[in-house]
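Student: Structure for the following, please:
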Amino acid sequence: MATMKDSSDDPPTKAVAVPAPAVAEESIEVRRARRMAALKKVAGIWAEREDIPADGLDYQRALRSEWRA
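Tutor: Residues are numbered from 1 along each chain as shown. Below you'll find the model as predicted:
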């Protein structure tokens, strides 16, 4: 039967600094353009639905009213 090893028997380890990965710096304009492109893809995906309120706040209130029931 295997027994668990006590880690206090291990020799002390030395901390080693690991360099952070190089992050490509993007300009604010590039990030905004990428974010806007993603938002435009999903904008209006519920526009044609008749079963939910068109106003987002009304929709939230309708959903949350179910919690109080």
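Student: Against residue 54, how distant is residue 48?
Tutor: According to C-beta to C-beta, to the nearest Å, residue 48 and residue 54 sit 11 Å apart. Heads up, the C-betas are built off the backbone N, CA and C, glycines and all.
Student: neighbour-wise, which of those two wins?
Tutor: Neighbour tally, residue 48 and residue 54, criterion other C-beta atoms under 10 Å: the higher count belongs to residue 54, 10 against 6.
Student: for that one, helix, strand, or coil?
Tutor: coil (DSSP: H, G, I helix; E, B strand; the rest coil).
Student: backbone phi and psi for it, please?
Tutor: phi -70, psi -30 (degrees, to the nearest 10).
Student: Now do it, the pLDDT please.
Tutor: We note a pLDDT of 80 for residue 54 in this prediction.
Student: Next: the one 5 residues further on.
Tutor: On the pLDDT scale, residue 59 is placed at 87.
Student: try residue 5
Tutor: On the pLDDT scale, residue 5 gets 66.
Student: try the one 5 residues further on
Tutor: Residue 10 carries a pLDDT value of 71.
Student: Just give the number of residues close to it.
Tutor: Count around residue 10 with other C-beta under 10 Å applied: 8.
Student: what's near enough to touch it?
Tutor: Residues near residue 10 by C-beta atoms under 8 Å, 6 or more residues apart in numbering: none.
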